[in-house]
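In: When you get a sec, could you give me coordinates for this:
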Amino acid sequence: MPQTKPPKESATPDTHSTAQVSLAPFAEADFQSWFDHCTEEYAKDKQKTFGCTLEAARTFAQSSMQCALADGLQTKDNHFFKVIDEKGDRIGAIWIAAQTQFNQKSAFIYDIEIEENERGKGYGRAAMLALEAEVAQMGFPSIGLHVFAFNERAFALYQSLGFEVTDYTMRKKIQPQN
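Out: Numbering: from 1, shown residues only. Predicted coordinates for the structure are as follows:
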């Protein structure tokens, strides 16, 4: 898939810390290791949320990811970015896709991750702010995302950045009566 304009390489300051990041498009060499890691992390999140076996969660995650990204890095309307810190090191990744619902175009964040040893330093906030600038440059008037209910830290970050809850998905376990 041809890339839209490459993201600006200018750093985006974090209003809550001194963390700065820039975004850079994935190269083909970046994609497969990210895909494998993202699929495994998605499986772990599904297992944690639904209490299924890790094997079942992996099967689900692999199927979902392969379906969503059938053409890999070239999958239409999908964009992948490396999150680069102020020293030039890759510290995370972001996957967004274009969506249209009710005749409204938007970007949807399917994955954003800051490496575990870099968390708590303001890089997540800085990455989200850099992504906002990128999404605006791409012509999207809004960004959506999903956050698992157990991820309270991410939920708080997104709310502090102005994201609003649009709906809730709920579940209740019931004991079957045989």
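In: Give the next helix or strand downstream of the longest helix belonging to the chain.
Out: Counting by DSSP state H, the longest helix found in the chain is helix 28-50. Note on helix 28-50: by DSSP states H and E, the next helix or strand toward the C-terminus is helix 54-68.
In: got the contact list for that following helix?
Out: 35, 38-40, 42-44, 46-47, 50, 52, 75, 78, 97, 110 (Cβ atoms under 8 Å, 6 or more residues apart in numbering). (Each C-beta comes from the backbone N, C-alpha and C, glycine too.)
In: same check, this time on stretch 110-120
Out: Stretch 110-120 is contacted by residues 38, 41-42, 68, 83, 85, 91-97, 123-124, 127-128, 131, 145 when judged by Cβ under 8 Å, 6+ apart.
In: Equivalent analysis for stretch 96-103, please.
Out: Contacts of stretch 96-103 (Cβ under 8 Å, 6+ apart): 68, 77-79, 81, 105-110, 131, 135, 140, 143-144.
In: redo that, cut-off 10 Å
Out: 4, 68-69, 75-81, 105-112, 131, 134-135, 138-140, 142-145 (Cβ atoms under 10 Å, 6 or more residues apart in numbering).
In: Good, wrapping up.
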